[in-house]
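show me the folded form of this:
(one chain, ligands or ions: 3)
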Amino acid sequence: MITLDEYVIKKQNEHPGATGELTALLGAIKLATKVVNREINKAGLVDIIGTTGVENIQGEVQQKMDLFANDKFKAALEARGQVCGIASEEDDEEVIFNTKTGNNCKYVVLMDPLDGSSNMDVNVSVGTIFSIYRRISPLGQPATLEDFLQPGSEQVVAGYVMYGSSTILVYTTGNGVHGFTCDPSLGVFYLSHENITFPDNGSIYSINEGNYLKFPLGVKKYLKYCQEIDEPTKRPYTSRYIGSLAPDVHRNMLKGGIYIYPSTASAPNGKLRLLYECNPMAFLVEQAGGKATDGFQRILDIEPTEIHQRVPFFCGNTNMVEDVEAMMAEFSADCDSRK
Ligand code: AHG
Ligand code: MN
Ligand code: MN
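Numbering: from 1, shown residues only. Ligands and ions are numbered 1, 2, ... in the order given. This is a model prediction of the structure:
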């Protein structure tokens with residue numbers, strides 16, 4: 001049984017010159033995860049579910065656990081002293097750790113501390129999604145906005161935690177995707193899923209079909225394709241949608257499938273956020289042998305302009321993403337943001 005700490009140290013030792021800073025950073029994320037996990041497991045017993053009544057900058061009502069998780073991750077990351085700043089779904093702007101220690105740190109973290117948080121009200125899986133970059137501004141000074149607005153291809157680490165029937169932390173440093181399941185009696189994450197890869201053929205599609213009438217024609221055509229009967233290609237595919245990005249992508253990565261949150265008539269850029277939802281999931285999906293695009297271009301190549309910017313998101317088995325991309329090109333070229 002290999003623990004997450006042992007695994008990260010082993011990997012670090014394979015890189016001569018590695019300083020252990022990333023290892024410490026992942027340790028801070030792991031610690032906050034355990035605190036959040038403990039609270040989530042008490043949902044229903046103590047007053048932690050439901051909304052605060054306050055909206056975040058994106059006009060979404062914050063759940064009590066959104067704020068709890070945000071505070072825990074920020075506190076753990078600042079205390080561990082490896083990060084010069086954080087951008088979070090729950091904070092209007094980037095938070096810069098403008099101290100002597102903070103200014104001398106190499107890394108920035110972008111994260112969604114608790115994604116899909118309204119699922120918690122009904123005991124359904126939620127997640128934490130994180131993304132780590134090397135800063136581009138000079139060491140010794142406060143981090144700047146540019147440190148956070150890097151394309152996803154510059155990510156050093158990306159990962160998610162899925163609080164489901166068990167709690168699993170999955171991450172990549174660009175050398176495959178590895179998952180660690182928490183033993184709740186010990187609070188220790190053990191390697192349970194080394195080198196996760198998409199199976200060759202996927203047969204699950206995940207999308208909020210309630211928005212069907214608002215979807216681009218290319219997506220509507222693809223959904224009809226998923227539902228057609230064709231035995232050689234194992235159609236009709238199975239529809240599965242939790243409404244919680246990390247668990248939805250986790251399932252599709254292990255079983256084979258596609259997740260789509262497209263543009264809609266009322267939300268031309270979709271719902272999901274590029275920097276702390278789509279980029280980390282795209283890095284993981286690519287590392288697992290899949291593909292992640294906005295329907296036209298690779299997610300990881302997009303040059304961000306704002307911390308909370310949204311983007312349409314298509315990710316999963318490469319062949320499935322390419323099928324829907326072909327339909328987007330044929331029927332919905334007007335949705336290509338580059339045109
Ligand atoms: P949030 O960031 O507000 O918690 O939203 C969750 C995300 C994502 O996890 C999920 O896949 C999607 O929103 C669900 O949105 P719909 O309810 O529109 O399907
Ligand atoms: Mn979210
Ligand atoms: Mn969130």
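
whatever residue of the stretch 1-150 of the chain ends up closest to ligand 1 - nearest residue in space that isn't next to it in sequence?
Residue of the stretch 1-150 of the chain nearest ligand 1, by C-beta to the nearest ligand atom: residue 116 (4.0 Å). C-beta: built from backbone N, CA, C; applies to glycine. With C-beta to C-beta, 6 or more residues apart in numbering as the measure, residue 244 is the residue that lies nearest to residue 116, at 3.0 Å, once sequence neighbours are left out.

mind pulling up the pLDDT for that neighbour?
At residue 244, the model reports a pLDDT of 98.

how about it, what does it touch?
115, 116, 119, 124, 125, 126, 127 (C-beta atoms under 8 Å, 6 or more residues apart in numbering).

out of those, which two sit at the greatest distance?
115 and 124 (12.3 Å; C-beta to C-beta).

which of the two has more residues huddled nearby?
residue 115 (26 against 15; other C-beta atoms under 10 Å).

so the more buried one bridges to which residues?
The partner list for residue 115 in beta bridges (DSSP bridges) reads residue 127.

wait, it sits on residue 125?
No. Using C-beta atoms under 8 Å, residue 115 is not in contact with residue 125; the gap is 10.1 Å.

mind listing the helices for the protein?
Here the chain has its helices, by DSSP state H, at 4-13, 21-40, 64-80, 100-103, 145-148, 217-227, 245-255, 279-287, 318-331.

deepest-packed of the ones you listed, please.
Highest mean neighbour count of the helices of the chain: helix 279-287, a mean of 27 (counted as mean count of other C-beta atoms under 10 Å).

how about the residues of the stretch 101-250 of the chain that lie near ligand 2?
Within the stretch 101-250 of the chain, the positions lying close to ligand 2 (C-beta under 5 Å from the ion) are 112, 115.

could you list the domains of the protein?
4-193, 204-331 (automatic domain parsing).

does ligand 3 have contacts with the last one?
Think domain 204-331. No. Against ligand 3, domain 204-331 shows no contacts by C-beta under 5 Å from the ion, the least distance being 8.5 Å.

ok, back up a step: and the residue of the stretch 1-150 of the chain closest to ligand 1, how close does it get to residue 272?
Residue 116 sits 11 Å away from residue 272, going by C-beta to C-beta, to the nearest Å.

so the two - more neighbours on which side?
residue 116 (22 against 18).

for that one, give me the pLDDT.
You'll see residue 116 listed with a pLDDT of 95.

show me the contacts for residue 271.
Counting by C-beta under 8 Å, 6+ apart, residue 271 has contacts 261, 310.

make it 10 Å
Counting by C-beta atoms under 10 Å, 6 or more residues apart in numbering, residue 271 makes contact with 58, 60, 208, 211, 245, 261-264, 277, 310-313.

with residue 84 instead?
Going by C-beta under 10 Å, 6+ apart, the list of residues near residue 84 reads 96-99, 101-109, 135, 137, 139, 141-144, 147.

the residue in the stretch 1-150 of the chain that ligand 2 sits nearest to: what's it in contact with?
Closest residue of the stretch 1-150 of the chain to ligand 2, C-beta to the ion: residue 115 (3.7 Å). Shown in contact with residue 115 (C-beta under 10 Å, 6+ apart): 66, 69, 89, 126-129, 160-162, 244-247, 272-273, 276-277, 281.

re the thing from before, wait, the residue of the stretch 1-150 of the chain closest to ligand 1 touches residue 89, no?
No. In terms of C-beta atoms under 10 Å, residue 116 does not count as a neighbour of residue 89; the distance is 11.3 Å.

any residues in contact with both of the two?
residue 129.

hmm, back to that, looking at the domains of the chain, which is nearest to residue 339?
Using C-beta to C-beta, those put domain 204-331 closest to residue 339, at 8.7 Å.

correct me, but residue 14 touches residue 7?
No. In this structure, residue 14 is not within contact of residue 7 by C-beta under 10 Å, at 11.2 Å.

just checking, residue 338 touches residue 298?
No. In this structure residue 338 lies outside contact range of residue 298 using C-beta under 10 Å: 11.7 Å.

which one of these two has more residues nearby?
residue 298 (15 against 7).

that one and ligand 1, how far apart?
From residue 298 across to ligand 1, the span is 20 Å (C-beta to the nearest ligand atom, to the nearest Å).

quick check: bridge partners of the residue nearest to that residue when sequence neighbours are not counted?
Closest residue to residue 298 apart from its sequence neighbours, by C-beta to C-beta, 6+ apart: residue 292 at 7.1 Å. Beta bridges link residue 292 to residue 315, judged by DSSP bridges.

where do the strands sit along the stretch 151-300 of the chain?
157-163, 167-172, 177-183, 188-193, 204-206, 238-239, 257-261, 291-293 (DSSP state E, counting those that start in this stretch).

which residue sits closest to residue 141, ignoring its sequence neighbours?
residue 103 (5.7 Å).

how near is the one you found to residue 275?
Residue 103 sits 22 Å away from residue 275, going by C-beta to C-beta.
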